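Undergrad: Whatever this is, show me its structure:
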Amino acid sequence: MNDLQTVKPQALSAAADAEVQRSIAEVQGAIILAKKFPRDIQESIKEIMEECSRPALAEVAIYDYAKGGTSITGASIRLVEVIALCWGNIQSGWRELDRKMINGNLYAEIEAFAWDMERNRREALTFKVKLVRDTKKGSWPLKDEREIYEHCANQAARRKRSCIEALIPGYVKEPAIDRCRETVASGIKKDTVPKMVKAFEAEFGVTQQQIETFIQRDLAAIQPGQVVRLRQIYNSLKDKMAGVADYFEPEKKEEPKAEKKSEGKGNKGLKEKLSQHPKSDTDKPKDEPESTQSSPMPSENSESSLTTSSENSSESSAAEDNRPPDNVDPDTGEVMPETPFDPDPKLV
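TA: Below you'll find the model as predicted:
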């Protein structure tokens, strides 16, 4: 029993050493072949341009979507893989390194890489993928190995594309994208988009507004790649491989808004608002006397006040008439003799 325990680690160590030596020999052989048979740059570019002239590749060569009000576009993983194949002496791929639980969720640690053996340059990205399927109806963990592989491959494809793009020169990638755009545009006529919109609405009840929501822009600004995408969706709906709700959101019906009265602008609008709200007593200026404000028709209160003031004036005049003269003694009623005026000698 002890002999088996001592022999087993040695056997594992020998197998591991053999695997390491095999990997080293494989890498060295690839580098030697790349140096012995270098790429022909002009021939590689010519081959890439020929591939981009094929409609089958050009239709899936460019991705285009809207984000934050701007258009995000670039070469798809399919185009990048063809460029890497024609460019030569490049290895790319991805591999799963580990799986572990983090906060109750299962994650896969993945490495995506691209290696230019001729120039001995290698790009690699390591990232974690949450093994959960997210949908509009909710999310659930992935348990089937096939679903896990497809989910990881989908996430790794974008990282692998970034690694390959870091190795491909710009003078190779940019003309390839332009050639793909030309190829797709050559197959789109002026009446292609209007006919497509009518076909969607006639057969599946998809309106122009739903299509514009899907492509996140007006139909006047639609890109060739999006036309191709709409064709693929149309064929899927026609073959009953998917439903309208899988691609297009239901159209939102706008509620009728209450009509607003037109208001003028500037001084005209201010005068209209002031005319609608008459001034109150508290809005009157304090310095202005009340007597200056005249009303065209006297009110009942003003008539009563005028009547009272006239009665008071008549009573005061009657009292003055009944008052005794100045030469009559008010106590006895006798007439007093008039005294001659005697000026003061001091004043004279």
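Undergrad: And the helix or strand hosting residue 78, what does it pack against?
TA: Assigned by DSSP states H and E, residue 78 belongs to helix 77-87. Contacts defined by 3 or more Cβ pairs under 8 Å, 6 or more residues apart in numbering; DSSP states H and E place helix 77-87 against helix 41-52, helix 55-58, strand 90-102, helix 145-167, helix 170-186. Where C-beta positions appear, they are placed from N, C-alpha and C, glycine not excepted.
Undergrad: These into a markdown table, with extra columns for mean pLDDT and mean neighbour count?
TA: A markdown table is the format used below for the helices and strands packed on helix 77-87 (pLDDT from 0 to 100; neighbours: other Cβ atoms under 10 Å):
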| stretch | mean pLDDT | mean neighbour count |
| --- | --- | --- |
| helix 41-52 | 95 | 16 |
| helix 55-58 | 90 | 16 |
| strand 90-102 | 94 | 14 |
| helix 145-167 | 94 | 17 |
| helix 170-186 | 91 | 16 |
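Undergrad: CSV for those, including distance to residue 29?
TA: Below are these laid out as CSV (distance: least, Cβ to Cβ, whole Å):
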stretch, distance to residue 29
helix 41-52, 22
helix 55-58, 31
strand 90-102, 12
helix 145-167, 20
helix 170-186, 26
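Undergrad: so where's the stretch 201-348 of the chain shaky on pLDDT?
TA: Applying pLDDT under 70 to the stretch 201-348 of the chain flags residues 253-271, 273, 276-348.
Undergrad: what about dumping the CA coordinates of stretch 102-117 to CSV?
TA: Output in CSV follows, covering the C-alpha atoms of stretch 102-117 (Å, rounded to 0.1, in the frame of the first residue of the first chain):
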residue,chain,number,x,y,z
ILE,A,102,-18.8,33.7,-5.9
ASN,A,103,-21.6,35.0,-3.6
GLY,A,104,-23.8,32.0,-4.4
ASN,A,105,-23.3,32.2,-8.2
LEU,A,106,-21.2,30.0,-10.4
TYR,A,107,-18.6,31.8,-12.5
ALA,A,108,-16.3,30.5,-15.2
GLU,A,109,-12.8,32.0,-15.6
ILE,A,110,-11.9,32.2,-19.3
GLU,A,111,-8.9,33.4,-21.3
ALA,A,112,-9.1,34.6,-24.9
PHE,A,113,-5.9,35.0,-26.8
ALA,A,114,-4.4,35.8,-30.2
TRP,A,115,-0.8,35.0,-31.2
ASP,A,116,1.2,36.3,-34.2
MET,A,117,3.9,33.6,-34.5
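Undergrad: and the closest residue in space to residue 247 that isn't next to it in sequence, how many residues sit next to it?
TA: Of all residues not flanking residue 247 in the chain, residue 233 sits nearest, at 5.3 Å (Cβ to Cβ, 6 or more residues apart in numbering). Using other Cβ atoms under 10 Å, residue 233 is surrounded by 20 other residues.
Undergrad: so residue 233 sits in a helix?
TA: Yes: according to DSSP: H, G, I helix; E, B strand; the rest coil, residue 233 belongs to a helix.
Undergrad: please begin residue numbering at 799 from this point
TA: Right, with 799 as the first residue, what we last looked at is residue 1031.
Undergrad: That one and residue 1041 touch, don't they?
TA: No: contact between residue 1031 and residue 1041 fails when scored by Cβ atoms under 8 Å: they sit 10.9 Å apart.
Undergrad: Can you report phi and psi for residue 926?
TA: phi -110, psi 140 (degrees, to the nearest 10).
Undergrad: ok, what's across the strand from it?
TA: Under DSSP bridges, the beta-bridge partners of residue 926 are residue 907.
Undergrad: Kindly report the domain assignment for the chain.
TA: 824-979, 986-1044 (automatic domain parsing).
Undergrad: Would you format those as CSV with distance to residue 1050 included?
TA: Putting the domains of the chain into CSV (distance: least, Cβ to Cβ, whole Å) gives the following:
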stretch, distance to residue 1050
domain 824-979, 17
domain 986-1044, 8
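Undergrad: Can you check which of these gets nearest to residue 1072?
TA: domain 824-979 (42.2 Å; Cβ to Cβ).
Undergrad: Next, the distance between the ends of that closest one.
TA: Start-to-end span of domain 824-979 (Cα to Cα, to the nearest Å) is 39 Å.
Undergrad: looking at this, residue 924 is in a strand?
TA: Yes: under three-state DSSP, residue 924 sits within a strand.
Undergrad: Which pLDDT value goes with it?
TA: Model confidence at residue 924, given as pLDDT, is 96.
Undergrad: The one 3 residues further on too?
TA: As predicted, residue 927 sits at a pLDDT of 95.
Undergrad: re earlier: the domains of the chain: which one's closest to residue 812?
TA: Per Cβ to Cβ, nearest to residue 812 of those: domain 824-979, 18.9 Å.
Undergrad: To which secondary structure element is residue 998 assigned?
TA: Going by DSSP H and E, residue 998 is in helix 990-1002.
Undergrad: angle of the next helix or strand after that helix against helix 990-1002?
TA: Downstream of helix 990-1002, the first helix or strand assigned by DSSP H and E is helix 1006-1013. Between helix 1006-1013 and helix 990-1002, the angle comes out at 110 degrees (axes from the mean of the first three to the mean of the last three Cα atoms, to 10 degrees).
Undergrad: ok, and for helix 1006-1013, which residues are buried?
TA: Of the residues in helix 1006-1013, 1008, 1009, 1010, 1012, 1013 count as buried by neighbour count, 16 or more other Cβ atoms under 10 Å.
Undergrad: Now for the nearest residue to the first one once chain neighbours are set aside, which secondary structure element holds it?
TA: Read it as residue 1008. Spatially, and ignoring its direct neighbours in sequence, residue 1008 is nearest to residue 1046 (4.4 Å; Cβ to Cβ, 6+ apart). Using DSSP H and E, residue 1046 sits within no helix or strand.
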